[in-house]
Every structure is written in structure tokens, then in C-alpha cells.
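K.L.:
sharing a model that was predicted from the sequence below.
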Amino acid sequence: MPSLNILRDLKERIRNAKHVVAITGAGISAESGIPTFRGKDGLWKQYRAEELATPWAFEKNPELVWKWYDWRRGIIAKATPNAGHVTLARMEDFYPEFTQITQNVDGLHRKAGSQKVIEIHGNLWRVRCVREGKTFYLEDVPLREISPRCSCGAILRPDVVWFGESLDPELIRKAHEELAACNLLLVIGTSGIVQPVASFPAIARQSGAYIVEINLETTPLTSLADLSLKGKSGDILPALFDFQSDS
Ligand code: OAD
């Protein structure tokens with residue numbers, strides 16, 4: 001753990017920052033009871049995300065992929081935002097410029113009250129018609145039919161980004177703009193191995209941002225961070241953003 005002086009400096013830096021960006025991954029929702037993709041709770045029936053979250057898996061076996069999403073939607077429907085999500089929502093009110101770039105599709109940042117959220121991997125409550133491309137929210141839990149259909153008869157898919165697919169260029173553009181402009185970047189609960197988000201901290205670094213990583217373990221992004229805090233985001237974020245008790 002960093003020394004008390006380093007932590008005091010960090011809190012000062014956090015208090016004085018003007019433009020803050022937070023990148024979040026599955027780890028921020030772990031304390032809400034949502035399994036992460038990697039790590040000991042990250043598996044579902046021996047399948048890995050890389051085997052199910054792909055267009056090829058969906059083409060081959062849409063039922064299996066939908067069953068996985070139905071399982072995840074069931075867990076997420078019962079989940080509530082934890083102290084990490086809530087602290088980030090409070091930060092949004094505090095800073096003149098604040099944006100979250102989340103890889104999570106669970107919608108918990110918005111449920112916590114955050115509005116400036118770039119959901120770069122989509123949202124698992126939204127579906128998309130594979131024929132017409134139209135999107136809409138379908139929030140039945142459990143699904144009334146596995147492999148739901150659009151009114152046009154075509155199959156619907158979760159409106160999320162799968163491995164091998166491109167991210168929305170407009171969301172990427174917005175994310176790059178924020179990363180290049182921020183002076184403090186928080187990297188929270190991500191294993192830092194899935195692109196393009198794994199490269200986002202380097203953009204902020206190039207622009208001179210101070211980077212703080214919060215994670216249970218060391219990741220490929222740790223060496224890029226100015227400071228790496230090991231622990232649960234639901235404990236660390238409220239402790240860092242606790243200005244009232246300082247004054
Ligand atoms: P991962 O499951 O790869 O990594 C979760 C990270 O969170 C790990 O580094 C854990 O150490 C950390 N962690 C777990 N609990 C934590 C806690 N309470 N506090 C802080 N950190 C904690 O999740 P992502 O990096 O988000 O993509 O995965 C990236 C993408 O891979 C996902 O968006 C998804 C997946 O396949 C798609 O589905 C396209």
C-alpha cells in the first residue's frame with residue numbers, strides 16, 4: 001500500500017482535478033454480485049466470454065448465446081449499484097468535466113445516477129434486429145422466449161459488441177477526445193487485456209494525465225499508472241473521494 005504521504009497527495013490531486021475520466025470494467029460491478037469475465041468466478045458452464053460473445057457463436061448456436069445472456073440478465077436485474085458506482089455518480093456532480101467510459105453492459109452506472117457514461121461495449125438490456133438493425137430495450141427477465149424475434153420475423157441479438165466486431169466509431173471518437181483532454185484518469189476493475197479499451201490509458205498518458213489504477217491485482221496497465229491501489233473499488237473510491245471528512 002502507498003505511504004500516507006502519497007495517499008494525502010493523491011486526495012489533494014483528486015480534489016483539485018478539473019477534467020476527470022474513469023474507465024471501468026467488470027471489477028467495479030463485482031461487489032454488486034455480478035461475476036467478472038476472468039478470474040475464478042468468471043466462468044459459466046465451462047464457457048469463456050471469448051467463446052460465447054462472438055458473432056460466430058451466435059450464428060452457430062443462438063440459443064446457447066441467449067441462454068448465457070438470459071443468465072447474466074437475471075443476475076444483473078437483481079443487482080444494485082455498490083459504493084464504487086455511487087461514488088463515481090457523485091464525482092460527476094463535483095467536477096466541471098467528468099466522463100465514464102465503461103466496458104460493462106450491465107447499466108449499473110446509470111442506475112447509480114451517472115449520466116455521462118460512454119457504454120463502449122453496448123448495453124445488455126438493448127436488443128438489435130439482425131435484419132433491420134433497429135434497436136430497442138427488451139427487459140423481460142427471464143426472456144419469454146430464448147432467441148427472441150423481431151416483429152419482422154428476424155432474430156434479435158443483444159445490442160452489445162462481441163469479439164471480432166467493431167466498436168461504434170462515434171463512441172470511440174468521444175472516448176479519445178475525453179482521454180486526450182483529461183488531467184486525471186481512473187482505471188477501475190479492468191483486466192486491461194481487451195482492446196481497444198486496453199490502449200485508452202496510453203492516450204491519456206501521452207496528454208500528460210495522472211493515472212490511478214484501482215484493482216485487486218496487477219494488470220498489464222499497472223506499469224503505465226502513476227499509482228496503483230490494490231483493493232476493492234467499493235472500498236477505495238469512497239475513501240479517496242471523501243472530502244467532507246477532511247474539512
Ligand atoms: P475482466 O473480467 O477481464 O477483469 C475484471 C478485473 O476486475 C480483474 O482485473 C479483477 O482483478 C478486477 N476486480 C475484481 N473485483 C474487483 C473489485 N471489487 N474491485 C476492483 N477490481 C476488481 O473484466 P473487463 O476487463 O471488464 O467484453 O473485461 C473486458 C471485456 O472482456 C468485457 O467488457 C467483455 C469481456 O469479454 C465483451 O463482452 C465485448
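P.N.:
Nice, thanks for sending it over. The shown structure was predicted, so the numbers you read here are calculated from the model rather than taken from an experiment.
K.L.:
and the protein, which residues reach the ligand?
P.N.:
25-27, 30-31, 36-39, 42, 49, 53, 103, 121, 161-162, 189-191, 194, 214-217, 219, 232-233 (Cβ under 6 Å from any ligand atom). (C-beta placed from N, C-alpha, C; glycine too.)
K.L.:
Lys11: neighbour count?
P.N.:
Neighbours of Lys11 under the rule other Cβ atoms under 10 Å: 16.
K.L.:
may I ask you to name the longest strand in the protein?
P.N.:
strand 122-129 (DSSP state E).
K.L.:
make a ChimeraX selection of the buried ones in the residues of the chain next to the ligand.
P.N.:
Of the residues of the chain next to the ligand, the buried ones can be selected in ChimeraX as follows, counting by 16 or more other Cβ atoms under 10 Å:
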select :25,26,27,30,31,36,37,38,49,53,103,121,161,162,189,190,191,194,214,215,219,232,233
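K.L.:
now go through the residues of the chain next to the ligand and say which are in helices.
P.N.:
27, 30, 49, 233 (DSSP state H).
K.L.:
of all the residues you listed, which two lie farthest apart?
P.N.:
Ala49 and Ser233 (20.1 Å; Cβ to Cβ).
K.L.:
quick one, helices of the protein?
P.N.:
Here the chain has its helices, by DSSP H, at 4-16, 27-30, 49-52, 55-60, 62-78, 83-94, 108-111, 169-181, 200-206, 233-240.
K.L.:
least confident of these, on average?
P.N.:
Note on the helices of the chain: lowest mean pLDDT is at helix 49-52, with a mean of 86.
K.L.:
quick one, domains of this structure?
P.N.:
Split into domains by automatic domain parsing, the chain comes to 4-34+81-121+167-240, 42-78+128-160.
K.L.:
tell me which of the ones you listed sits most buried.
P.N.:
domain 4-34+81-121+167-240 (a mean of 19; mean count of other Cβ atoms under 10 Å).
K.L.:
so how far is that domain from its chain's centroid?
P.N.:
Centroid separation for domain 4-34+81-121+167-240 versus its chain: 9 Å, with Cα atoms, centre = their mean, to the nearest Å.
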